[in-house]
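> Provided below are the primary sequence and the corresponding predicted coordinates.
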Amino acid sequence: MTTQSDLPASAKKTVPNKAEATKIAVLGGGSFGTAIANMLAANGHDVVLWMRDKENVESCRENHENTRYLPGYALEPSLQFSADLDASLKDRDVVFFSVPSKAFRVLAQESNPLIAPGTRVISTAKGIEADTFKLMSEILEEELPQAQVGVISGPNLAKEIAKKAITATVVASANEDLCEEVQSLLSSRYFRVYANSDRFGVELAGALKNIYAIAAGMSAAMNMGQNTVSVLITRSLAEMSRFAASLGANPMTFLGLSGVGDLFVTCTSPLSRNFQIGYALGEGLSVEDAVEKVGQVAEGINTTRIIREEAEQLGIYMPLVNALYETMFNQRPVKEVLSSLMLAEQNTDVEFFLEKQ
């Protein structure tokens, strides 16, 4: 059996002492916010997990388990819980924003007077603001101009992180020092953090893949085969990278963890909320009933509506988004929509090519 002493120096976990421990706040007590906060606490940092629900705060304190969003997983004894935003943000060096996109701007506004200049703020949310078409990092820049902004995104199912399954993610920012700090804070023997300077592409990939996870869930509910899943994933990748490149993202970003990595896991895992929504829709439930059944926010529903409107305005060809929109919001039968996809224009297989030298 491999022991800690057998590992190379780069793989050994170093727990900071109290003088070195970074003071961190994680805002949002959902499944991913809880998983991130617990990892940071396990790495020896001073971490407070903030949530609005006072009852859940008391439950977490008493049981050291988030029974509502991450049941069955014991949390680090050092992890603190609070419903007091002022106290949670006091003297914090790094703040992770892990709330749904609908609540993001309001929380950023509330946090503004409490966040000191130079504080590093990191978004983990994978969504787009409906009225403005702003990504979460753009909201942070608007509402917290005094802060340094980054995002993390990737194939990161919270329950698997809680089980310490080997996982990797991407931290994206033009600020190299910020990327290096987040890598240092989160890295462990089971969690690896890669860096990328294309913040826009990384964040947009995380939002877009939720749409296609819903389609994959529908496909699973209808017992479609692996050939269908393969077509769905590869054409989804082509579609989302085409859209993102039209807006200025680097299409090569979509070949990494935040693109194809996140797309694959959300299109194949029943742990994905968006996949669960799609599965319920494939069983014949309405959008409202599917959301009630899943019981948690699935960003892909609103993202489908937002992206469809934006693609129409920009004239970007997105047949999968259009088909999903028709199913969710115009009540077209799933089988009818899938049939129409087979009649759509047959484009080239690969969306982007490297120019020959």
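Arrived safely.
> low-confidence ranges, the protein, go.
1-19, 337-357 (pLDDT under 70).
> swap in 80 and give it another go.
Scanning the chain with the threshold set as pLDDT under 80 gives 1-20, 296-297, 334-357.
> any idea how it splits into domains?
As assigned by automatic domain parsing, the chain contains the domains 21-197, 201-342.
> the residue nearest to residue 162 when sequence neighbours are not counted: neighbouring residues, count only.
Excluding its sequence neighbours, the residue lying closest to residue 162 (C-beta to C-beta, 6 or more residues apart in numbering) is residue 73, at 4.1 Å. Quick note: C-beta positions are derived from backbone N, CA and C, even for glycine. By other C-beta atoms under 10 Å, 20 other residues sit near residue 73.
> surely residue 175 touches residue 148?
Yes. If you go by C-beta atoms under 8 Å, residue 175 and residue 148 touch, sitting 5.6 Å apart.
> these two - which one has more neighbours?
Between residue 175 and residue 148, residue 148 has the larger neighbour count (other C-beta under 10 Å), namely 20 against 15.
> phi first, then psi, for that one.
For residue 148, the backbone dihedrals (degrees, to the nearest 10) come out as phi -100, psi 130.
> how much space between residue 199 and residue 138?
From residue 199 across to residue 138, the span is 9 Å (C-beta to C-beta, to the nearest Å).
> compare the two (neighbour count), which wins?
residue 199 (25 against 18).
> distance of the residue nearest the centre of the chain from residue 210?
The residue lying closest to the centre of the chain (C-alpha atoms, centre = their mean) is residue 126, at 4.1 Å. Look at residue 126 and residue 210: by C-beta to C-beta, they are 6 Å apart.
> doesn't residue 329 make contact with residue 305?
Yes. Contact criterion C-beta under 8 Å: residue 305 and residue 329 qualify, at 6.8 Å.
> more neighbours: which of these two?
It is residue 305, of residue 305 and residue 329, that has more neighbours when counted by other C-beta under 10 Å, with 18 against 13.
> need the next SSE after the strand or helix carrying that one, C-terminal direction.
Here residue 305 is covered by helix 300-314, with elements defined by DSSP states H and E. As assigned by DSSP H and E, the chain's next helix or strand after helix 300-314 is helix 319-329.
> a strand runs through residue 47, doesn't it?
Yes. Per DSSP: H, G, I helix; E, B strand; the rest coil, residue 47 lies within a strand segment.
> which parts of the chain are strands?
Per DSSP state E, the chain carries strands over the ranges 23-27, 46-50, 80-82, 94-97, 120-123, 148-153, 167-172, 191-196.
> now distance to residue 159 too, for those, in JSON lines please.
Shown next, in JSON lines, are the strands of the chain (distance: least, C-beta to C-beta, whole Å):
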{"stretch": "strand 23-27", "distance to residue 159": "17"}
{"stretch": "strand 46-50", "distance to residue 159": "17"}
{"stretch": "strand 80-82", "distance to residue 159": "20"}
{"stretch": "strand 94-97", "distance to residue 159": "18"}
{"stretch": "strand 120-123", "distance to residue 159": "21"}
{"stretch": "strand 148-153", "distance to residue 159": "17"}
{"stretch": "strand 167-172", "distance to residue 159": "11"}
{"stretch": "strand 191-196", "distance to residue 159": "14"}
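> correct me, but residue 28 touches residue 101?
No. Counting by C-beta under 8 Å, residue 28 stays clear of residue 101, with 11.5 Å between them.
> residue 89: how many residues sit nearby?
22.
> offset the numbering so it begins at 32, please.
OK, 32 is where the count begins now, so the last one is residue 120.
> from residue 337, how far off is it?
According to C-beta to C-beta, residue 120 stands 29 Å off from residue 337.
> for the nearest residue to residue 61 once chain neighbours are set aside, which residues are in contact?
Nearest non-adjacent residue to residue 61, counting by C-beta to C-beta, 6+ apart: residue 100, 5.1 Å away. Each residue near residue 100 by C-beta atoms under 8 Å, 6 or more residues apart in numbering is listed here: 60, 61, 62, 65, 189, 327.
> wait, isn't the fifth one in contact with residue 66?
Yes. Here residue 189 lies in contact with residue 66, judged by C-beta under 8 Å, at a distance of 4.3 Å.
> common neighbours of these two, please.
Contacts common to residue 189 and residue 66, judged by C-beta under 8 Å, 6+ apart, are residue 101.
> which of those two has more neighbours?
residue 66 (28 against 22).
> got the contact list for that one?
By C-beta under 8 Å, 6+ apart, residue 66 lies in contact with 101, 187, 189, 192, 193.
> try 7 Å this time
101, 189, 192, 193 (C-beta atoms under 7 Å, 6 or more residues apart in numbering).
> show me where the stretch 232-381 of the chain has its helices.
Under the criterion DSSP state H, counting those that start in this stretch, helices of the stretch 232-381 of the chain are mapped to 257-277, 293-299, 304-313, 318-325, 331-345, 350-360, 365-373.
> buried ones in the fifth one, by neighbour count?
Going by neighbour count (16 or more other C-beta atoms under 10 Å), the buried part of helix 331-345 is 331, 332, 333, 334, 335, 336, 337, 338, 339, 341, 342.
> from memory the second one sits against residue 318, does it?
Yes. Because the distance of 6.4 Å satisfies C-beta atoms under 7 Å, residue 332 is recorded as touching residue 318.
> what residues are shared contacts of the two?
residue 359.
> returning to what we had before: now the contacts of residue 100: which count as buried?
Using 16+ other C-beta under 10 Å, the buried members of the contacts of residue 100 are 60, 61, 62, 65, 189.
> neighbouring contacts of stretch 333-343?
Residues outside stretch 333-343 that contact it (C-beta under 7 Å, 6+ apart) are 158-159, 161, 164, 238-239, 241-242, 274, 349, 352-353, 355-356, 359-360.
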